[in-house]
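**Student:** Take this sequence and fold it.
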Amino acid sequence: MILERVPPYRPADFVFKVARSPHELAGYWNLRQEVFCEEQHVFGEHDRDAIDERAIPIICATIIAGMVDEVVGAVRIDERSPREWYGSRLCVSRPYRRLLELSPGVSLRNHQPVYKGFGALGAGLIYKAVSLANALGCDRFLANVQEQNARFFQRLHWQTLGEQMLFGRRHIHMEAQLDRYPPAKLVEFEACVDARAKAA
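**Tutor:** Got it, this is the predicted structure:
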């Protein structure tokens, strides 16, 4: 008798949103700690810096019974000069980096395209970050991307501007093609105002 291993259950429904509740913010910080400190060893005890004082935290979370459950993706956006925004600290929990199944309701709920397969949630976070910044008044959206992820960003309509060493690793300086990321519906405008007011 051959016993086949049952694959672990993975929710197929997700929301991309600004982190607001204590549960969402705790998940946001915990995931960054898990990826950048414990997995990649880019930072020591934590990865927080001065940018976090003004950044808008964005998460991807699983949805169970219509409620936000586990935070499985994170990114932050901030305006570093007038109308010039940056995205940084993009990360996705390891078990969710390749999705074989995604609920058709994800696109409808989030008002954005749905990607499948490897990098689906990372692509969704990028779309949410850039389109939200675009809605808030963005002329340029930039990021310093770890070298191994540059081709992934190129496929999502980003162009290379240069390269530099950050935290001992080669990063590619890239810019999003804003016309491929139309302004997000400002259903979360209040959340963005709250996040920026707290940072002020």
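**Student:** ok, the longest strand seen in the chain: who's next to it in the sheet?
**Tutor:** The longest strand of the chain (DSSP state E) is strand 67-81. Here strand 67-81 has these sheet partners by DSSP bridges: strand 56-64 (antiparallel), strand 84-92 (antiparallel).
**Student:** which of the residues in that strand are buried?
**Tutor:** 68-79 (16 or more other Cβ atoms under 10 Å). (Each C-beta comes from the backbone N, C-alpha and C, glycine too.)
**Student:** For residue 157, give me its contacts.
**Tutor:** Contact analysis of residue 157 by Cβ atoms under 8 Å, 6 or more residues apart in numbering lists 176-177, 180-181.
**Student:** Mark which of the residues you listed are buried, thanks.
**Tutor:** 176, 181.
**Student:** any chance of the contacts of residue 157 in a markdown table, with pLDDT and secondary structure too?
**Tutor:** Listed next are those as a markdown table, based on pLDDT from 0 to 100; DSSP: H, G, I helix; E, B strand; the rest coil:
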| residue | pLDDT | secondary structure |
| --- | --- | --- |
| 176 | 98 | strand |
| 177 | 97 | coil |
| 180 | 94 | helix |
| 181 | 94 | coil |
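**Student:** Now distance to residue 59 too, for the contacts of residue 157, in a markdown table please.
**Tutor:** A markdown table is the format used below for the contacts of residue 157 (distance: Cβ to Cβ, whole Å):
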| residue | distance to residue 59 |
| --- | --- |
| 176 | 20 |
| 177 | 24 |
| 180 | 22 |
| 181 | 18 |
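**Student:** Just give me the closest of the contacts of residue 157 to residue 90.
**Tutor:** Distance to residue 90, by Cβ to Cβ, is smallest for residue 176 among the contacts of residue 157, at 12.4 Å.
**Student:** Confirm for me that that closest one is in contact with residue 138.
**Tutor:** No - the criterion here is Cβ atoms under 8 Å, and residue 176 misses it with residue 138 at 9.1 Å.
**Student:** which residues do those two both contact?
**Tutor:** Common neighbours of residue 176 and residue 138 (Cβ under 8 Å, 6+ apart) are residue 130.
**Student:** Give me the number of neighbouring residues for residue 152.
**Tutor:** Residue 152: 16 surrounding residues under other Cβ atoms under 10 Å.
**Student:** for the helix or strand where it lies, the distance to its chain's centre please.
**Tutor:** Using DSSP states H and E, residue 152 sits within helix 150-155. With Cα atoms, centre = their mean, to the nearest Å as the basis, helix 150-155 stands 15 Å off its chain's centre.
**Student:** What ranges does the chain have for its strands?
**Tutor:** Using DSSP E, strands in the chain cover 14-18, 56-64, 67-81, 84-92, 98-99, 117-118, 140-146, 158-166, 169-176.
**Student:** Nearest to residue 35, out of those?
**Tutor:** Per Cβ to Cβ, nearest to residue 35 of these: strand 84-92, 3.9 Å.
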